[in-house]
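[1] This is the structure alone, sequence omitted:
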């Protein structure tokens, strides 16, 4: 496909007969720079201009810390729920045949397609004390809408397809013969699942978890309706950014955004390390 | 999902020993858990949208949709999608051509940068434009001096929408065109086609279903985006309110029928998107295969 001449020296690109490299790369880079890179570096520049002391004062403000704790905490819980149920859903969709499987499979993508504000008001109506699900939970003393539990519910909705769609293709590729071999060697079903199947799926499950978690941390539209938005109790970090903006407190908004980006970046780094470890351990 | 490979091992699926498949009760329990979970978390919210929208009858529903503010919200949403989706299509095709057809240094890094908007909170996507174009922003004073309005107006909404939908088309096309290789284009060029002809008559037909798939997802997100648009819109009724923002306003005014009526239009759009997406995957699965998983 590509001709790689054994010439010494650095070469920006391999020669090719296909035209249009300069035009398409140039346009893509210009568009990327204008739309994404310049605006994002504006954020970095503004938070750097704050100075370390001011930046730190905003970050360790009790309200900011609580909002960050709520955002990351609820996103973590929702991602755990999604890993458990998303894996079961993917397994059922891949391994079992039943009427309506196609529809169930297509439904999994609904959270990708449904606008978050619509999801937000629908979930709030369902889980409100007089809602279809809320009035069933009320006698049990469980309040969902306008509590942190409501945030978790919204983030479970938002994150589900990330887990299912990451795990599902790997499950489809699982080689049945490996399971058969394990069975011939005397393994029971439980051993096969935990010792043979799970190690193969673990990296995909971790990826699905991190995608759902990352999405949950930044989610805004579906959460603000159901959360109740009480400072210190159910106020998420993206909402606090919006509140600071509405107060024309650009510094605080910028600092919270910067710390969110930094924390997400650290989290992705940790997930990548765990990935590498699990590949080495099970690979 | 409809791959023939799965069907091919189905017959002996039935006759397998207990160690290779779950026992019947376990199967039943797993299926019940999965379907109940999908019903509660996905189906019920969808049903409740239409139920609430029609709670006071068809008359109230159509009346809620015919208000001038609602109409202008619908028009604005269509306008924003009509500008941002084509721009991202041009970018997606151009980036996919550069990345899939050529080998160059820094390609992996460029691909990562294209995915960047997916890992940024929508609120932050809007915030970056406020920091740039707002009154206290980097370009704020210059824009004001020249009478250019970007923030709290249509250009800002379009920019924020482009930002959040940026990766959709590119990330569908890049793996697809990489998989297809350069053979077809090289053949066309050796037969005397110009570069443009090779693209138009060879590449584009090869990737058309993948492209359509990307446009579909891009459009759904463009019309439904809430967080980013909310930050830059200013929420001026009749002027800078998109449909999702209008849903919020009506809902906060305790106008449930109105909010859910507009929401039902967006839910309808989501359903159409899902149906088209499933049809594309069923009929042209192989041609958009590289896209599975997102």
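    Yep, that arrived. Keep in mind that this is a model prediction, so the values were computed, not measured.
[2] how many neighbours does residue B:242 have?
    By other C-beta atoms under 10 Å in any protein chain shown, the residues close to residue B:242 number 31. From N, CA and C alone the C-beta is placed, and that goes for glycine too.
[3] Go ahead and confirm it touches residue B:232.
    No - Residue B:242 is beyond contact range of residue B:232, at 10.7 Å (criterion: C-beta atoms under 8 Å).
[4] what's the overlap in contacts for the two?
    The contact sets of residue B:242 and residue B:232 overlap at residue B:157 (C-beta atoms under 8 Å, 6 or more residues apart in numbering or on different chains).
[5] so where is chain A shaky, pLDDT-wise?
    Along chain A, segments meeting pLDDT under 70 span A:1-9, A:282-283.
[6] And the helices in the stretch 101-250 of chain A, which stretches?
    Taking DSSP state H, counting those that start in this stretch to define them, one finds helices in the stretch 101-250 of chain A at A:101-107, A:110-113, A:116-127, A:134-137, A:148-173, A:176-184, A:189-191, A:198-218, A:221-227, A:237-246, A:250-282.
[7] out of the ones you listed, which comes closest to residue B:183?
    Among the helices of the stretch 101-250 of chain A, the nearest to residue B:183 by C-beta to C-beta is helix A:148-173 (26.1 Å).
[8] Who are the packing partners of that closest one?
    Other helices and strands packing on helix A:148-173, by 3 or more C-beta pairs under 8 Å, 6 or more residues apart in numbering or on different chains; DSSP states H and E, are helix A:62-95, helix A:110-113, helix A:116-127, helix A:198-218, helix A:221-227.
[9] can you redo these as CSV with distance to chain B?
    Compiled in CSV, the helices and strands packed on helix A:148-173 are given as follows (distance: least, C-beta to the nearest C-beta, whole Å):
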stretch, distance to chain B
helix A:62-95, 4
helix A:110-113, 4
helix A:116-127, 4
helix A:198-218, 3
helix A:221-227, 4
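[10] got those as CSV, with mean neighbour count columns?
    Listed next are the helices and strands packed on helix A:148-173 as CSV, based on neighbours: other C-beta atoms under 10 Å in any protein chain shown:
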stretch, mean neighbour count
helix A:62-95, 21
helix A:110-113, 22
helix A:116-127, 27
helix A:198-218, 21
helix A:221-227, 28
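[11] and residue B:117, which of these is closest to it?
    helix A:198-218 (10.8 Å).
[12] which secondary structure elements does that closest one contact?
    Against helix A:198-218 (3+ C-beta pairs under 8 Å, 6+ apart) you get helix A:62-95, helix A:148-173, helix A:250-282, helix B:122-133.
[13] How far does it sit from its chain's centre?
    Remark: helix A:198-218 is offset 8 Å from the chain centroid, using C-alpha atoms, centre = their mean, to the nearest Å.
[14] Run through the residues that contact whichever residue of the stretch 1-150 of chain A sits closest to chain B.
    The minimum distance from the stretch 1-150 of chain A to chain B, using C-beta to the nearest C-beta, falls at residue A:115 (2.9 Å). By C-beta under 8 Å, 6+ apart, residue A:115 lies in contact with A:221, B:223, B:224, B:225, B:226, B:243, B:244, B:247, B:263, B:266, B:270.
[15] please redo it, this time with the cut-off set to 10 Å
    Contact partners of residue A:115, counting by C-beta atoms under 10 Å, 6 or more residues apart in numbering or on different chains, are A:221-222, B:77, B:220-221, B:223-226, B:242-244, B:247, B:263, B:266-267, B:269-270.
[16] Phi and psi next, for it.
    phi -60, psi 140 (degrees, to the nearest 10).
[17] Give me the nearest residue to it, chain neighbours excluded.
    Spatial nearest neighbour of residue A:115, excluding adjacent residues (C-beta to C-beta, 6 or more residues apart in numbering or on different chains): residue B:224 at 2.9 Å.
[18] I'd like the distance from that neighbour to residue A:55, if you could.
    Separation of residue B:224 from residue A:55 (C-beta to C-beta, to the nearest Å): 34 Å.
[19] and what of residue B:166?
    On the measure of C-beta to C-beta, residue B:166 and residue A:55 end up 28 Å apart.
[20] and if you look at residue B:35?
    Taken as C-beta to C-beta, the span from residue B:35 to residue A:55 is 49 Å.
[21] what do you get for residue B:249?
    34 Å.
[22] what comes up buried for stretch B:25-40?
    Across stretch B:25-40, burial judged by 16 or more other C-beta atoms under 10 Å in any protein chain shown covers B:30, B:31, B:34, B:35, B:37, B:38, B:40.
[23] now stretch B:114-134
    Quick answer for stretch B:114-134 (16+ other C-beta under 10 Å): B:114, B:117-134.
[24] For chain A, tell me which of those residues show up nearby.
    Among the buried residues of stretch B:114-134, the residues that sit close to chain A (C-beta under 10 Å from any C-beta of the partner chain) are B:114, B:117-134.
[25] Contact partners for the closest residue to residue A:120 other than its chain neighbours?
    Counting by C-beta to C-beta, 6+ apart, residue A:225 is the residue found nearest to residue A:120 once chain neighbours are left out, at 3.6 Å. Counting by C-beta under 10 Å, 6+ apart, residue A:225 makes contact with A:116-125, A:145-146, A:150, A:154, B:247-248, B:251-252, B:259.
[26] What mean pLDDT does the host helix or strand of residue B:207 get?
    Secondary structure from DSSP states H and E places residue B:207 in helix B:204-224. Across helix B:204-224, pLDDT averages out at 95.
[27] Run the chain-centre distance for that helix.
    Centroid separation for helix B:204-224 versus its chain: 8 Å, with C-alpha atoms, centre = their mean.
[28] Pull out the buried positions in that helix.
    For helix B:204-224, by 16+ other C-beta under 10 Å, it's B:206-207, B:209-211, B:213-224.
[29] Equivalent analysis for stretch B:178-186, please.
    Buried-residue list, stretch B:178-186, by 16+ other C-beta under 10 Å: B:180, B:182, B:185, B:186.
[30] Next: stretch B:188-196.
    For stretch B:188-196, the neighbour count (16+ other C-beta under 10 Å) marks B:188, B:189, B:193, B:195 as buried.
[31] Equivalent analysis for stretch B:41-56, please.
    Buried residues in stretch B:41-56, counted by 16+ other C-beta under 10 Å: B:41, B:42, B:44, B:45, B:46, B:48, B:49, B:50, B:52, B:53.
[32] Out of those, the closest to chain A would be?
    Distance to chain A across the buried residues of stretch B:41-56 (C-beta to the nearest C-beta) is lowest for residue B:45, with 3.9 Å.
[33] Can you show me the helices along the stretch 151-294 of chain B?
    B:154-165, B:167-180, B:183-190, B:195-197, B:204-224, B:227-233, B:243-252, B:256-284.
[34] before we move on, what about the stretch 1-150 of chain B?
    Under DSSP H, counting those that start in this stretch, the stretch 1-150 of chain B gives helices at B:4-8, B:10-14, B:24-38, B:44-53, B:57-65, B:68-101, B:107-115, B:122-133, B:140-145.
[35] Of all those helices, which one comes closest to residue A:248?
    Counting by C-beta to C-beta, residue A:248 lies closest to helix B:122-133 out of the helices of the stretch 1-150 of chain B; the figure is 10.2 Å.
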